[in-house]
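Novice: Using only what follows, build the 3D model:
(2 chains)
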Protein chains: 2
Amino acid sequence: MSRPTFGYVTPENGPLFTDLYELRMMQAYVNQNHNPRATFSLFVRDLPPNRGYMVAAGLEQVLHYIDTLSFGDRALEYLTEQGFDDAFLERLSDFEFTGDVRALPEGMPAFANEPLLEVTAPIFQAQLFETALINQIGYQSLIATKASRMRDVIDREGDRQQLVDFGSRRAHGTDAGMKSARAAYVGGFDGTSNVAAGEAFDIPVFGTMAHSWVQSFDRERDSFRTFADEYGDESVFLIDTYDTVRGAKIASEIVDEADVDLRGVRLDSGDLAALSKEVDDVIPNVDQFISSGIDEYAIREFLKRGGIGSGFGPGTALVTSTDAPKVEGVYKLVAVERDEEMQPTMKLSTGKVTYPGAKTVRRTESNGQYVGDIIGLQKEQLPGTEQLVTVIEDGERVYEIPDLEAIRRTAREERRKLPEPNRRIEDPEPYDVQISDGLQRETDELKRTLESRLD
Amino acid sequence: MSRPTFGYVTPENGPLFTDLYELRMMQAYVNQNHNPRATFSLFVRDLPPNRGYMVAAGLEQVLHYIDTLSFGDRALEYLTEQGFDDAFLERLSDFEFTGDVRALPEGMPAFANEPLLEVTAPIFQAQLFETALINQIGYQSLIATKASRMRDVIDREGDRQQLVDFGSRRAHGTDAGMKSARAAYVGGFDGTSNVAAGEAFDIPVFGTMAHSWVQSFDRERDSFRTFADEYGDESVFLIDTYDTVRGAKIASEIVDEADVDLRGVRLDSGDLAALSKEVDDVIPNVDQFISSGIDEYAIREFLKRGGIGSGFGPGTALVTSTDAPKVEGVYKLVAVERDEEMQPTMKLSTGKVTYPGAKTVRRTESNGQYVGDIIGLQKEQLPGTEQLVTVIEDGERVYEIPDLEAIRRTAREERRKLPEPNRRIEDPEPYDVQISDGLQRETDELKRTLESRLD
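Specialist: Okay, the predicted model is just below:
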């Protein structure tokens, strides 16, 4: 009998949100007395297409996950059924994270191969986190990036249109509906239509009427009048149910007749730039809110064509990041303790070679603009500012997540420090990310050592 | 202060997983004494690119949502803060669904414009569901379809490879990680790597070792030997960490030395078809499990090139449906009660015209193959078999969701009834879906009426 869930991973089954092989390896680490200290690095191999940067997001959820992780009866019972042994389950029931985590704070720009997060702990502990950490950081970073691109297009035009996430219904499940609202806010949005996300993350919620409101009345005019009776000056009329310009005329008449200061009108179909100008002729001095098929490319086109809008409501394209719906986050073992020292490790798999060792990411700024990063070994002395922050030390939280407003501010300030060519929404120039001499040497040496062992 | 959530919408905030405008309209429906009975139809306007059909999925979650929906203190408190009034909140706290729901059962083929679900109830009730219902049915149907395409490619070759969902880490949030496992199982997969999904939906879970296991030892050989000590004949070795063919040789030596019947090896990089043949020469009679970049196109290519694999582990491409990451599900008002009769309604928005009225979907079969569907008005007498089933009547559940094995069987049997050209993974022929004469007449008449009212 399957257990229906409406889109949630609860505290009871949350610890099971991992891949079976993690638990299989964990049991073997314990039973085979092979539990060395290990460092795992979470990063993306490549930026998604047309992305010159990403915006880091999701750390708050990751820390919450690590802080609260606990295997309860339901989880342990299921693992017993799956054939795990008692000694291992005993260890799981006492699971407590005792290691270190360093991370790139939320809102910061991130590039390929740079760690978004590094976990150092007994491998038994660090192994468990892979699935959940990639899942949360990957998706939120993807959406914060998408949102940042839309905000940037508006910024470049010197405009200040509102951006509101309208995507919950088309997100991939409920968690994506929640996290896209949060990540979009980080990336520069002003709010969301998703009430649960508004409540959970304390971000502004927006919304007025759908076509069903208009259609539920015999006449569009009656629907507007009734709405104005209820909401007065707060009203925003959706004017495209039958004919946009005609709808604007009716809206204008209601404004005169009912003596309300309409907050705005919404356009949701047709040639939005052209219609917005016609609507502005009919009902000037009223905010126009533009939705339907909105993404960074559509916004650029709308503004270029002189469309008149005081706000946009991107939906599907935002929450699915339709033009680049995946980011291949990985969580790779980069160092393991041997003979009481952390030794670098890497794999040589075709097309999937990883850089070994715990890392430092150093960013250099000149005249308020970033000029490049160096990825090096953590122990190296390198120029530039360290980007990774220690967030957990010996199992203790030593970092408080800033509130979402502060993260959003960081994202905005940081975006403006990125060179314009790296921020282009098509064919951006790659940002300069160097591998330090020390890291390159370590990589080459280790590769030689590993290859020599193959014979 | 934001409230961290690790990817869940709980029973406390679940009812808020809706767009603000739904609640705004609901308050106005109540306060303005405008609460007619209404029918909403959930459908997709277009099939995603390269899809000749979709597989319906997600109904179980939708029914669970409707059955359990309840506004508790936390939700009501937040809505008070958002300015909703006491009379409305009182109504919400007593929310109970008293209407009817008809739906296409899970596993059934679905096409553009055909209702996946229709809700008929006082508009106050039916309005609320829009966001949650589209979210759950849209995503699960998208993934069940993607999975079905992969299974179909294997079926066509007369093969029987295992398909296991490896995508949780790359899914858009945790809910997608759960629901993709369920939907993939419906579409013809054999299981998932996601332990929480295995537990929640009672589906088989699979998993062995990651590269980190291999790298955590000085030598690959030691890592295999230790794993075999723990898991014996259940062991599957991941052999591509350093060099795939070399890894196969070591695996073969361990088999002889430790006298284990290896369950299999996994290949995760490089030219998988070519390598699988080399590996088969080195270690024949051992199952090969193939992962990395797997989707229906890659499976077709792999099989065409004579690759040897007994199973595939699609990940990112499955759970994000990368080649078609969105399906634009909509939930449209199609009828509303006036003068004690349900009257059809539609919008005329450019490019978004909807067919009015509650529908019937009739499917015709000939010699075990489907030949076409007719979408008509519910009251029409039409040839073919009705596809929509009443699942809730006057607020009471009158339909039990079959268990997941039965749904999966339905999906397989139904897929085989679809003509081959409609199932092609590229440029499929469109399946024949007709609009009935009655529905076309109703649409044309209503359009004329609505247009005449615009003047």
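Novice: Chain A - how does it break down into domains?
Specialist: Structural domains of chain A, as assigned by automatic domain parsing, span the residue ranges A:14-142+A:324-453, A:152-319.
Novice: Take those and write them to CSV, including distance to B:Asn285.
Specialist: Bear in mind the C-beta positions are built from the backbone N, C-alpha and C, glycine included. Formatted as CSV, the entries for the domains of chain A read as follows, by distance: least, CB to CB, whole Å:
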stretch, distance to B:Asn285
domain A:14-142+A:324-453, 23
domain A:152-319, 40
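Novice: Buried deepest among the ones you listed, which one?
Specialist: For the domains of chain A, the stretch with the most neighbours on average is domain A:152-319, a mean of 22; neighbours defined as mean count of other CB atoms under 10 Å in any protein chain shown.
Novice: Tell me the spacing between the closest residue to A:Gly99 other than its chain neighbours and chain B.
Specialist: Distance criterion CB to CB, 6 or more residues apart in numbering or on different chains; nearest residue to A:Gly99, sequence neighbours excluded, is A:Ala121 at 2.4 Å. In this structure, A:Ala121 and chain B are 13 Å apart, going by CB to the nearest CB, to the nearest Å.
Novice: Helix, strand or coil: sort out A:Ala121 for me.
Specialist: Taking DSSP: H, G, I helix; E, B strand; the rest coil as the rule, one finds A:Ala121 in the strand state.
Novice: does it really touch A:Phe95, like I thought?
Specialist: No: counting by CB atoms under 8 Å, A:Phe95 is not a contact partner of A:Ala121; they are 11.4 Å apart.
Novice: on that earlier part again, could the domains of chain A be laid out in JSON lines, adding mean pLDDT?
Specialist: As requested, the domains of chain A are arranged in JSON lines below (pLDDT from 0 to 100):
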{"stretch": "domain A:14-142+A:324-453", "mean pLDDT": "96"}
{"stretch": "domain A:152-319", "mean pLDDT": "96"}
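Novice: picking up where we left off before, run through the bridge partners of the residue nearest to A:Gly99.
Specialist: Applying DSSP bridges to A:Ala121 yields these beta-bridge partners: A:Ala38.
Novice: who touches it in this structure?
Specialist: With contacts defined as CB atoms under 8 Å, 6 or more residues apart in numbering or on different chains, A:Ala121 is in contact with A:37-38, A:97-100.
Novice: Among the residues you listed, pick out the one closest to chain B, please.
Specialist: Using CB to the nearest CB, A:Ala38 is the member of those that lies nearest chain B, at 6.4 Å.
Novice: Give me the contacts around stretch A:333-343.
Specialist: By CB under 8 Å, 6+ apart, the residues outside stretch A:333-343 that reach it are A:36-41, A:118, A:120, A:123, A:344-346, A:354-359, B:211-212, B:215-216, B:218.
Novice: residue ranges for the strands of the stretch 351-455 of chain A, please.
Specialist: Using DSSP state E, counting those that start in this stretch, the strands found in the stretch 351-455 of chain A span residues A:359-366, A:369-377, A:385-386, A:389-393, A:396-397, A:433-435.
Novice: and A:Leu76, which of those is closest to it?
Specialist: Evaluated over the strands of the stretch 351-455 of chain A, closeness to A:Leu76 peaks at strand A:389-393, with 24.8 Å, by CB to CB.
Novice: Just checking: what are the partner strands of the closest one?
Specialist: By DSSP bridges, strand A:389-393 pairs with strand A:100-103 (antiparallel), strand A:396-397 (antiparallel).
Novice: quick one: A:Phe206 and B:Leu23 touch, right?
Specialist: No: A:Phe206 lies out of contact with B:Leu23 (CB under 8 Å); the separation is 11.9 Å.
Novice: wouldn't A:Arg170 be in contact with A:Ser321 here?
Specialist: No: the pair A:Arg170 and A:Ser321 does not pass the contact test of CB under 8 Å, sitting 11.5 Å apart.
Novice: So what pairs up with A:Phe237 in the strands?
Specialist: With beta bridges defined as DSSP bridges, A:Phe237 has these partners: A:Val265.
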